[in-house]
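**Q** Provided below are the primary sequence and the corresponding predicted coordinates.
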Amino acid sequence: MDWPLAIDRNRKALVPIIAALFALVSAATATLTSPLRGEGGREADRRGAFTLPRQVYAAIMLVLRPAESAVRRLIVIAARGLILKPRTSRPLPPNLPAFPAANSARIPAFALLDSLKHFDFEDFDQNANPCVNFSSSYDPAYFLPSMSQPDEPVNASLLFSRLRALRHALNDLPRQARRLARWRARRDLLLKARRPTRVTPFRPGLPPGWRKRSIHAVDEVLKECHGLAIYAVNGPDTG
């Protein structure tokens, strides 16, 4: 398997998809000041939150989750065979001067691990099938009132952060691969100490954002990246 070629091919397929998401944000907020400093977006409202029209938010989330899963699997492929030691924490020197507040424009770290499925048994009915919620980690796009208006503003602060982290990770896969290698080293130490921890960056079953029937180009990219990542971790299926 030519892993560099596989990574490069899928990375090139994801670049225009992510660029289109930023373009969609810019088009929706063309007349307003950008909270991303030139990357498109809506000016902070009085509560300090960035907002987008509900329909734009939903359209971006439709692509963002599978794109994140695809990039996460490219990182797994890029980290194949990479072994690093976990970083050791160092004590802070005494009388350390106070540092200024962190820069809010700093790009957040990309999530290397799939969000786990959550099971909600609060509505369990003993006389019927249990109501199980297989939703991933909370996201306002999936819990919006059904009677809301398409152009109603939605808090998009988290979405902006995820978009920026996604693009940064795709543009620097080697660094993300080193992050994953250090996570694996920390995981091995925890397993050796018999402490509970995640064993794999993948969640059981299908990845977040997976759709059986493709409705967007990102769906096919995710399917290929997922298959390649499983092959890279487990080797060929000889069964």
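**A** Thanks, I have the structure now.
**Q** Counting neighbours, what do you get for the residue lying closest to residue 153 once chain neighbours are set aside?
**A** The spatial neighbour of residue 153 that comes closest, neighbours along the chain excluded (Cβ to Cβ, 6 or more residues apart in numbering), is residue 51 at 3.8 Å. Placement of C-beta: from N, CA and C, glycine included. Neighbour count for residue 51, taken as other Cβ atoms under 10 Å: 22.
**Q** pretty sure residue 51 contacts residue 158?
**A** No. Between residue 51 and residue 158 there is no contact under Cβ atoms under 8 Å: 11.7 Å.
**Q** In contact with the residue nearest in space to the middle of the chain, which residues are there?
**A** Closest residue to the average C-alpha location of the chain: residue 68 at 4.0 Å, with Cα atoms, centre = their mean. Under the criterion of Cβ atoms under 8 Å, 6 or more residues apart in numbering, the contact partners of residue 68 comprise 110-111, 162, 166, 208-209.
**Q** make it 7 Å
**A** Residues in contact with residue 68 (Cβ atoms under 7 Å, 6 or more residues apart in numbering) are 162, 166, 209.
**Q** same check, this time on residue 70
**A** Counted by Cβ under 7 Å, 6+ apart, residue 70 has contacts 10, 14, 218, 221-222, 225.
**Q** Among these, which lie within helices?
**A** 10, 14, 218, 221-222, 225 (DSSP state H).
**Q** Give me the contacts around the helix or strand hosting residue 164.
**A** In the assignment (DSSP states H and E), residue 164 maps to helix 157-171. The set of residues external to helix 157-171 that reach it, using Cβ under 7 Å, 6+ apart, is 11, 14-15, 18, 21-22, 35-36, 41, 49-50, 57, 60, 64, 67-68, 71, 107-110, 176.
**Q** List the buried residues in stretch 175-184.
**A** 176-184 (16 or more other Cβ atoms under 10 Å).
**Q** buried ones in the helix or strand encompassing residue 73?
**A** Secondary-structure assignment from DSSP H and E places residue 73 in helix 54-78. For helix 54-78, burial by neighbour count (16+ other Cβ under 10 Å) applies to 54, 56-57, 59-78.
**Q** And stretch 79-95, by the same measure?
**A** Residues 79-80 are the ones in stretch 79-95 that count as buried (16+ other Cβ under 10 Å).
**Q** Make residue 1 into 481 and carry on from there
**A** With 481 as the first residue, the last one maps to stretch 559-575.
**Q** okay, it in CSV with CA atoms only?
**A** The C-alpha trace of stretch 559-575 is given here as CSV (Å, rounded to 0.1, in the frame of the first residue of the first chain):
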residue,chain,number,x,y,z
ALA,A,559,0.8,8.1,12.5
ARG,A,560,1.2,4.5,11.3
GLY,A,561,4.4,3.0,12.8
LEU,A,562,5.3,6.3,14.6
ILE,A,563,6.4,5.8,18.2
LEU,A,564,7.0,8.7,20.5
LYS,A,565,7.3,9.0,24.3
PRO,A,566,4.7,11.0,26.2
ARG,A,567,5.7,14.5,27.2
THR,A,568,6.6,14.8,30.8
SER,A,569,5.2,17.6,32.8
ARG,A,570,7.8,20.0,34.4
PRO,A,571,7.2,21.9,37.6
LEU,A,572,6.8,25.6,37.2
PRO,A,573,9.7,27.7,38.5
PRO,A,574,9.0,29.7,41.7
ASN,A,575,8.1,33.4,41.6
